[in-house]
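Visitor: The amino acid sequence is not available; the structure is as follows:
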């Protein structure tokens, strides 16, 4: 395993070969035959699953968690738990009021599941160090977290009630900055803002709500000397210039993007990029050969700022 | 059964994928009077039925909201008014179209979202064996 090579790739540098990150998430629970809901709430089980998965896949880096409900839950959103998936956010405290009117407070290390994560990280970190594997912290980005707080109305409010949307996304950005602080304190080698729904908006909307509300977290990560990234999902073609310019060292995309397009864009902006093994079509459904898909990704990505990863 | 507008939401998985979840929620949060005129379902490509529907409707990206078999919102979570306008354009009768347009100023309602999502099978068919 090769942590330094991964950090170099995330920062857009040349590497001997493409390092590899399985964004394992609740698959870590499956690896140790535990249900996802139990895995996500028990630090010992979580740690066991992460380390077992890092070893199983010979990972150069692995996320501590891939669950975008943590931040929302830590400020008051209710969750529905699933045995084979991440929890879903079921209530939106800002569906009819601003964060201030709803009395929402920034999370502390004791809020929600943050104590579970601190305990899990303490167990995981030295074991990943022994494996030369990076620990990745990922927090919910401002638009996705804004949607968790306000519900689907946010996607109308970004055009029709801009003041409200701005207030919600600003608060979401402040929560993200707090989460970045927590992940830095846990000892994460890489911290990523994960904003999947940022692909579902127009470029101007991205520049208005996502870019500014990501800056506080990015500054915290960079001031701590930690490598940063921005993860986006779906067909993000229309906002990729904005993603490249958001200020992180790199970004990661999913299976719906064309890797040649992404590679050329990342090199133009001098940032790292990761993806995009086809999680659904190849790994889950087997409609494409995972081996051939991997070869296509590796050939397109090359050895310059590229991290091989599922998309 | 009264004439209804059919909405198919093509997703990866509305539980795991936040964008897919909010696409589903944009339909589930439509007000009660609109709910009475629509029938909708999540089609996750994690199972064969979902893949079949994706191919049948000639889907290109995930998530996508299809109204009356048209790919209408592809990787764009719609605004309330956009949804109303696109449903009205494809209404099975002029009367239903007018009735939907009369609800254009109502806005999303959040009190029945979980109930409506359950009716649409949201998150229930997102396994390869489901």
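Guide: Okay, I see it. These figures come from a predicted structure and were not determined experimentally.

Visitor: Now do the same contact list for residue A:229.
Guide: By C-beta atoms under 8 Å, 6 or more residues apart in numbering or on different chains, the contact list for residue A:229 reads A:10, A:190, A:191, A:192, A:193, A:248, A:249, A:250, A:251, A:252, A:272, A:274. All C-beta spots, glycine's among them, are computed from the backbone N, C-alpha and C.

Visitor: Generate a PyMOL selection restricted to the buried entries among these.
Guide: Below is the selection syntax for PyMOL that covers the buried ones among the contacts of residue A:229, with 16 or more other C-beta atoms under 10 Å in any protein chain shown defining burial:
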select buried, chain A and resi 10+190+191+192+193+248+249+250+251+252+272+274
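
Visitor: Which one of the contacts of residue A:229 is nearest to chain B?
Guide: residue A:193 (13.3 Å; C-beta to the nearest C-beta).

Visitor: is it true that that closest one lies in a strand?
Guide: Yes - the assignment for residue A:193 (DSSP: H, G, I helix; E, B strand; the rest coil) places it in a strand.

Visitor: which residues does the nearest residue to it once chain neighbours are set aside contact?
Guide: Excluding its sequence neighbours, the residue lying closest to residue A:193 (C-beta to C-beta, 6 or more residues apart in numbering or on different chains) is residue A:141, at 4.4 Å. Contact analysis of residue A:141 by C-beta under 8 Å, 6+ apart lists A:172, A:176, A:193, A:194, A:195, A:196, A:198, A:210, A:214, A:230.

Visitor: How confident was the prediction at the second one?
Guide: Same thing as residue A:176. According to the per-residue confidence, residue A:176 scores 98 in pLDDT.

Visitor: Count the residues that sit near the closest residue to residue B:107 other than its chain neighbours.
Guide: Spatially, and ignoring its direct neighbours in sequence, residue B:107 is nearest to residue B:80 (5.6 Å; C-beta to C-beta, 6+ apart). The local packing count at residue B:80 equals 24, with neighbours defined by other C-beta atoms under 10 Å in any protein chain shown.

Visitor: Was I right to think residue B:80 contacts residue B:109?
Guide: No - under the criterion of C-beta atoms under 8 Å, residue B:80 lies out of contact with residue B:109, with a separation of 10.1 Å.

Visitor: Give the residues shared as contacts by these two.
Guide: residue B:30.

Visitor: neighbours around residue A:185, how many?
Guide: Should you count by other C-beta under 10 Å, residue A:185 turns out to have 13 residues around it.

Visitor: any idea how far it is from chain B?
Guide: Noted for residue A:185: a distance of 26 Å to chain B, by C-beta to the nearest C-beta, to the nearest Å.

Visitor: What helix or strand is that residue located in?
Guide: Per DSSP states H and E: residue A:185 is located in helix A:162-186.

Visitor: Tell me the buried residues in that helix?
Guide: Of the residues in helix A:162-186, those buried (16+ other C-beta under 10 Å) are A:164-184, A:186.

Visitor: what helix or strand is the nearest residue to residue B:11 once chain neighbours are set aside on?
Guide: For residue B:11, ignoring the flanking residues on the chain, the nearest one in space by C-beta to C-beta, 6+ apart is residue B:20 at 3.7 Å. Using DSSP H and E, residue B:20 falls within helix B:18-28.

Visitor: Against which helices or strands is that helix packed?
Guide: With contacts defined as 3 or more C-beta pairs under 8 Å, 6 or more residues apart in numbering or on different chains; DSSP states H and E, the packing partners of helix B:18-28 are helix A:142-150, strand B:5-11, strand B:38-44, strand B:64-67, helix B:80-89, helix B:113-119.

Visitor: how about the residues of chain B near chain A?
Guide: Proximity of chain B to chain A, by C-beta under 8 Å from any C-beta of the partner chain, involves residues B:12-19, B:21-23, B:25-26, B:29, B:45-46, B:51, B:61-63, B:74-81, B:107-108, B:110, B:113-114, B:123, B:126-128.

Visitor: residue contacts, residue A:140?
Guide: If you count contacts by C-beta under 8 Å, 6+ apart, residue A:140 has them with A:68, A:69, A:70, A:71, A:72, A:148, A:172, A:175, A:176, A:179, A:194, A:195.

Visitor: just these that are near chain B?
Guide: Among the contacts of residue A:140, the residues within reach of chain B (C-beta under 8 Å from any C-beta) are A:68, A:148.

Visitor: any chance of the contacts of residue A:140 in JSON lines, plus distance to residue A:154?
Guide: Rendered in JSON lines, the data for those read as follows (distance: C-beta to C-beta, whole Å):
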{"residue": "A:68", "distance to residue A:154": "15"}
{"residue": "A:69", "distance to residue A:154": "16"}
{"residue": "A:70", "distance to residue A:154": "19"}
{"residue": "A:71", "distance to residue A:154": "15"}
{"residue": "A:72", "distance to residue A:154": "13"}
{"residue": "A:148", "distance to residue A:154": "9"}
{"residue": "A:172", "distance to residue A:154": "10"}
{"residue": "A:175", "distance to residue A:154": "15"}
{"residue": "A:176", "distance to residue A:154": "15"}
{"residue": "A:179", "distance to residue A:154": "19"}
{"residue": "A:194", "distance to residue A:154": "17"}
{"residue": "A:195", "distance to residue A:154": "13"}
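
Visitor: Just confirm residue A:86 contacts residue B:16, I think it does.
Guide: Yes - in this structure, residue A:86 sits in contact with residue B:16. The criterion is C-beta under 8 Å, and the distance is 6.0 Å.

Visitor: circling back to that earlier point, what are the phi and psi values for the residue nearest to residue A:193?
Guide: phi -70, psi 170 (degrees, to the nearest 10).

Visitor: tell me, how many neighbours does residue 119 end up with?
Guide: This is for chain A. Applying the criterion other C-beta under 10 Å, we find 16 residues in the vicinity of residue A:119.

Visitor: sorry, should have said chain B
Guide: Look at residue B:119: counted by other C-beta under 10 Å, it has 14 neighbours.

Visitor: quick one, phi/psi of residue B:30?
Guide: Dihedral pair for residue B:30: phi -70, psi 140, per degrees, to the nearest 10.
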